[in-house]
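Colleague: A predicted structure for the sequence below; I have some questions about it.
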Amino acid sequence: MRMRVLAGLLALLPIIWGSGGLAHELTVRAAPVDDLKSVIATVEPVHEQILRARIGGTVSALKVKEGDRVTAGEEVALVTDQKLYLQIQGIDQRIQSLQAQRDKAKADFDRAQDLFQHGVTTKVVRDQTRTALDVAEKSLAAMRSDRGVVEQQTTEGKVLASSAGRVLTVPVSVGRAVMPGEIIATVTEDKYILRLQLPERHARFLRAGDTVQIGGRGVEENGREVRTPGRVLLVYPQIQGGRVIADVEVKGLGDYFVGERTRVYVPTGQRKAIFLPRAAVYRRAGVDFVRLRDGAEIVVQTGEARGKEIEILSGLRDGDVVAVP
């Protein structure tokens with residue numbers, strides 16, 4: 001009786017094993033899959049603004065540091081030039097002198113106009129005083145315009161952020177002399193992309209809109225790498241140094257560092273491969289096994305894992321029937 005029970009249990013082993021649940025049969029088929037190549041991509045900002053000094057002078061105030069966030073129009077630094085204030089003072093003195101000349105010319109014209117109406121002076125004298133008044137008024141207006149130009153130059157000492165973002169670099173310090181066009185700060189927008197480089201032999205397989213897999217930042221789940229899907233935004237038409245450059249859009253790059261490198265898996269053609277559910281493969285004594293329908297255990301070599309499936313490199317062939325719990 002005991003022998004018959006043991007024989008029955010052995011007969012059920014192909015069906016009941018692993019977690020103790022019933023198994024179903026799966027016929028092995030080699031199907032074409034994307035051949036993924038691992039490349040390194042760097043995190044880059046979509047847009048990067050370079051804030052430059054518009055006037056020469058000395059950095060009198062620096063209101064941000066690396067890592068700070070700024071809003072559009074926010075003042076980042078202030079560049080002052082003491083010569084501009086001295087020019088304004090000199091122009092103010094000249095404006096006062098021209099105002100006095102204008103007042104004298106106005107008085108001369110009024111007197112000549114009154115004398116001309118009483119027939120005491122000639123029209124030529126009246127016209128001469130009018131011309132002198134016009135010259136004095138235009139000279140005063142021109143000097144006031146010069147003052148406005150210098151005042152505008154003083155306001156251009158304010159270095160403003162053109163858009164919201166995060167400060168990457170501030171290569172200057174308070175008290176440093178700068179020239180017009182010199183970099184005060186570098187600000188990047190909050191939107192980032194992954195920029196990858198592929199060997200040119202793989203360029204023909206990459207197209208805008210293709211889906212790629214982004215490797216985790218050293219984070220593993222159950223001993224396996226966590227991957228995030230991404231989409232190819234742009235493939236640049238120029239090959240540089242034997243490599244084609246492409247931009248990849250991925251959600252959740254806001255917490256990455258600019259310039260940080262991560263692994264990207266891109267399709268570089270197709271090949272035939274055998275994939276089985278992870279549950280069909282079990283490990284014993286450091287060796288991976290698969291159980292066939294007839295109960296035989298087959299040693300297999302596993303490869304790449306994609307989602308809930310794992311690639312079988314050797315040990316199985318088309319037509320084999322395996323039991324999956």
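Modeller: Yep, that arrived.

Colleague: let me see the ranges of the strands in the stretch 201-325 of the chain.
Modeller: Along the stretch 201-325 of the chain, the stretches classed as strands by DSSP state E, counting those that start in this stretch are 211-221, 224-240, 243-249, 261-277, 281-284, 287-291, 297-299, 301-306, 309-314, 321-324.

Colleague: export those strands as a markdown table, with columns for mean neighbour count, mean pLDDT and distance to Val172.
Modeller: C-beta coordinates here come from the backbone N, C-alpha and C atoms, glycine included. Listed next are those as a markdown table, based on neighbours: other CB atoms under 10 Å; pLDDT from 0 to 100; distance: least, CB to CB, whole Å:
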| stretch | mean neighbour count | mean pLDDT | distance to Val172 |
| --- | --- | --- | --- |
| strand 211-221 | 14 | 69 | 33 |
| strand 224-240 | 14 | 80 | 32 |
| strand 243-249 | 19 | 88 | 31 |
| strand 261-277 | 17 | 83 | 29 |
| strand 281-284 | 13 | 87 | 59 |
| strand 287-291 | 18 | 88 | 60 |
| strand 297-299 | 13 | 85 | 65 |
| strand 301-306 | 15 | 80 | 49 |
| strand 309-314 | 18 | 85 | 54 |
| strand 321-324 | 18 | 84 | 65 |
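
Colleague: need those strands in CSV (columns: distance to Lys191).
Modeller: Formatted as CSV, these follow (distance: least, CB to CB, whole Å):
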stretch, distance to Lys191
strand 211-221, 16
strand 224-240, 11
strand 243-249, 9
strand 261-277, 17
strand 281-284, 41
strand 287-291, 43
strand 297-299, 49
strand 301-306, 29
strand 309-314, 34
strand 321-324, 44
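
Colleague: nearest to Glu74 among these would be which one?
Modeller: strand 243-249 (27.7 Å; CB to CB).

Colleague: between strand 224-240 and that closest one, find me the angle.
Modeller: 130 degrees (axes from the mean of the first three to the mean of the last three CA atoms, to 10 degrees).

Colleague: what sits up against strand 243-249?
Modeller: With contacts defined as CB atoms under 8 Å, 6 or more residues apart in numbering, strand 243-249 is touched by 41, 44, 193-200, 202-203, 206, 212, 214, 230-236, 238, 264.

Colleague: now with 10 Å, please.
Modeller: 39, 41, 44, 46, 191-204, 206-208, 210-212, 214, 230-239, 264, 266 (CB atoms under 10 Å, 6 or more residues apart in numbering).

Colleague: that strand pairs with which strands, parallel or anti?
Modeller: The sheet places strand 243-249 alongside strand 192-199 (antiparallel), strand 224-240 (antiparallel), with pairing taken from DSSP bridges.

Colleague: now do it against strand 261-277, angle only.
Modeller: Going by the same axes, to 10 degrees, strand 243-249 makes 80 degrees with strand 261-277.

Colleague: and strand 243-249, how far out from the chain's middle?
Modeller: 13 Å (CA atoms, centre = their mean, to the nearest Å).

Colleague: check stretch 68-86 too.
Modeller: With CA atoms, centre = their mean, you get 25 Å for stretch 68-86.

Colleague: equivalent analysis for stretch 293-313, please.
Modeller: 41 Å.

Colleague: hey, C-alpha coordinates of it in PDB?
Modeller: Provided in PDB are the C-alpha atoms of stretch 293-313 (Å, rounded to 0.1, in the frame of the first residue of the first chain):
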ATOM      1  CA  ARG A 293       6.400  17.900 -18.700                       C
ATOM      2  CA  ASP A 294       7.600  14.400 -18.200                       C
ATOM      3  CA  GLY A 295       9.300  15.400 -14.900                       C
ATOM      4  CA  ALA A 296      12.800  15.600 -16.100                       C
ATOM      5  CA  GLU A 297      15.000  18.400 -14.800                       C
ATOM      6  CA  ILE A 298      17.000  20.300 -17.300                       C
ATOM      7  CA  VAL A 299      20.000  22.500 -16.400                       C
ATOM      8  CA  VAL A 300      19.600  25.900 -18.200                       C
ATOM      9  CA  GLN A 301      21.800  29.000 -18.500                       C
ATOM     10  CA  THR A 302      19.800  32.100 -17.900                       C
ATOM     11  CA  GLY A 303      20.400  35.500 -19.500                       C
ATOM     12  CA  GLU A 304      18.700  38.900 -19.500                       C
ATOM     13  CA  ALA A 305      15.600  39.400 -17.500                       C
ATOM     14  CA  ARG A 306      12.700  41.500 -19.000                       C
ATOM     15  CA  GLY A 307       9.800  42.200 -16.800                       C
ATOM     16  CA  LYS A 308       8.300  38.900 -15.500                       C
ATOM     17  CA  GLU A 309      10.300  36.800 -18.100                       C
ATOM     18  CA  ILE A 310      13.900  35.600 -18.300                       C
ATOM     19  CA  GLU A 311      15.900  34.600 -21.300                       C
ATOM     20  CA  ILE A 312      17.100  31.000 -21.600                       C
ATOM     21  CA  LEU A 313      20.500  30.900 -23.400                       C
END
